[in-house]
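Visitor: Give me a 3D structure for the following:
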Amino acid sequence: MKSVETKLLDEADRRILLALQSNGRLSNAELAEATGMSTSPCWRRTRRLEEDGYIQGYRAVIDRNRLGLGVLVYVSVQIDTHSAEEANSFEKAVADYPQIVSCHSVGGSADFLLQVVCRDLDDYAEFSMNRLRRMPGIKAMTSSFALKEIKPFEGWPIL
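Guide: This next block holds a predicted model:
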């Protein structure tokens, strides 16, 4: 895990981050108005937040169901050995599959937790059997299917 030097955010920085996280398409004038600032200081603060790495980019939030990706699966993966070489090999293989939308190295009974999206159960079964299980170093994997999304990710808490 990367160690990141964190600078303290003041209230104006937090307002900017909250507003942009909610709507990344705000113009600087709209952002300034939403945060109670004038445009020049708002623009300078936003640029500083980008340069300091708090803001890493701007994206559209897309509905996966509208794309036909109706199945969301969390896959816990155990690897055979815990050598750096095997972990690196697994991590490189993960990058080859767009169906794997996130991958985290985790503690506990699993080594990695994947978030996978597919069209339907048949599509996931094919992906799981013909791709996931053939990735290097997998000892065991467990699939947990999301039945209902209770609280979707809408952004990080800005405390």
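
Visitor: Tell me which stretches of the chain form helices.
Guide: With DSSP state H as the criterion, the chain has helices at 11-22, 28-35, 39-51, 84-94, 121-130.

Visitor: Buried residues, the second one. List them.
Guide: Just to be clear, that refers to helix 28-35. Residues of helix 28-35 classed as buried by neighbour count (16 or more other C-beta atoms under 10 Å): 31, 32, 34, 35. C-beta here means a position set from N, CA and C on the backbone, and glycine is covered the same way.

Visitor: gap between residue 69 and residue 10?
Guide: As for residue 69, its distance to residue 10 is 39 Å (criterion: C-beta to C-beta, to the nearest Å).

Visitor: on that earlier part again, can you put the helices of the chain in a markdown table and add mean pLDDT?
Guide: Formatted as a markdown table, the entries for those read as follows, by pLDDT from 0 to 100:
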| stretch | mean pLDDT |
| --- | --- |
| helix 11-22 | 96 |
| helix 28-35 | 98 |
| helix 39-51 | 97 |
| helix 84-94 | 89 |
| helix 121-130 | 97 |
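
Visitor: So for the protein, which residue is the most central one in space?
Guide: Relative to the mean C-alpha position of the chain, the nearest C-alpha, by C-alpha atoms, centre = their mean, is the one of residue 102, at 5.8 Å.

Visitor: residues contacting the closest residue to that one other than its chain neighbours?
Guide: Nearest in space to residue 102, with sequence neighbours left out and distances taken as C-beta to C-beta, 6 or more residues apart in numbering, is residue 115 at 4.3 Å. The contact partners of residue 115, taken as C-beta atoms under 8 Å, 6 or more residues apart in numbering, are 72, 73, 74, 75, 100, 101, 102, 103.
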